[in-house]
Every structure is written in C-alpha cells, then in structure tokens.
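Undergrad: 3D model of this:
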Amino acid sequence: MTQSLQLLSVGAPSAEAPGTLVLSNDADPRLADLTCVHTVELHFPVFSDGRAFSQAFLLRRRLGFAGEIRATGDVLIDQLPQMRRSGFSQAVLRADQDAAHGRRLLSTNAGHYQGDATQVLPRFAQATA
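TA: Presented below is the predicted three-dimensional model:
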C-alpha cells in the first residue's frame, strides 16, 4: 500500500512544536538524535535542491523513522509524487500552489513497479510475498 501524503497550507504546524526536529539541508540524518521526535521537518530552499529527498529516504528506509516527515520551503506540486515515494508524509505547499491540483496529481498513479522508501518490495515481488 502506498503511504498517503498530507498537503498542508503555509502557516501550518510550527517547527517550534515539541517533538519536532528541523534538519538543515546539509545535515546527516544518521547523526540526529531521534529520541522523543515525532516530526522531522526537511527544508527545500529552492525547487532544484533535492537533498531533502535523500534525507527523507534515509530517515524512513535506513533509520526506520515512523513519525511524520514534513517538507517545507519551495515545495511545488510537481514534487509531490517523488516526495511520497521518498518517505515524506506531509508537504507544506508554497503559497502559489493549488492543493486541490496536488491531490489530483497524487491520485493519478496507484503505484510503481519499483520499490521505494515506504513499499520496499517491487510490484512483481508483492504478489508472491
């Protein structure tokens, strides 16, 4: 089953909330203390900077982080399918982005042939598992 991606508007939950860890783009998530953390916020300073995708993948797949992973910053609806595959659970869209269009975009693809951060097995192996 594909993990859902919750779309939030600008001004959504604050990074200062207890249990929220904000990681800069150059931080290695493997070095972060995730004790008592339920939300990790990863920032996209510009659309073309994809380091947060790698950070999210490390958190979900290698570190087994089960909490919320939130994308903030220059988040466009074009990035949403890859965010879902990388392990993000929330995305705070840039103010000029249409959340309804983003939800439609996410609903157009029920799954992928390859495995990803949230569904490790490729589609052919899921049928035999």
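Undergrad: Could you tell me how many residues sit around the nearest residue to residue 45 once chain neighbours are set aside?
TA: Nearest in space to residue 45, with sequence neighbours left out and distances taken as Cβ to Cβ, 6 or more residues apart in numbering, is residue 73 at 5.7 Å. The way it works is simple: take the backbone N, C-alpha and C, and place the C-beta from them, glycine included. Number of residues near residue 73 (other Cβ atoms under 10 Å) recorded here: 16.
Undergrad: how many other residues sit next to the closest residue to residue 93 other than its chain neighbours?
TA: Sequence neighbours aside, residue 75 is the residue nearest to residue 93 in space, at 5.4 Å (criterion: Cβ to Cβ, 6+ apart). By other Cβ under 10 Å, the residues close to residue 75 number 25.
Undergrad: Residue 75: which element?
TA: Assessed by DSSP states H and E, residue 75 sits outside every helix and strand.
Undergrad: From the contact counts, what lies against the longest helix anywhere in the chain?
TA: Scanning the chain for the longest helix, with DSSP state H as the assignment, gives helix 99-107. If you count contacts as 3 or more Cβ pairs under 8 Å, 6 or more residues apart in numbering; DSSP states H and E, helix 99-107 packs onto strand 6-8, helix 80-86.
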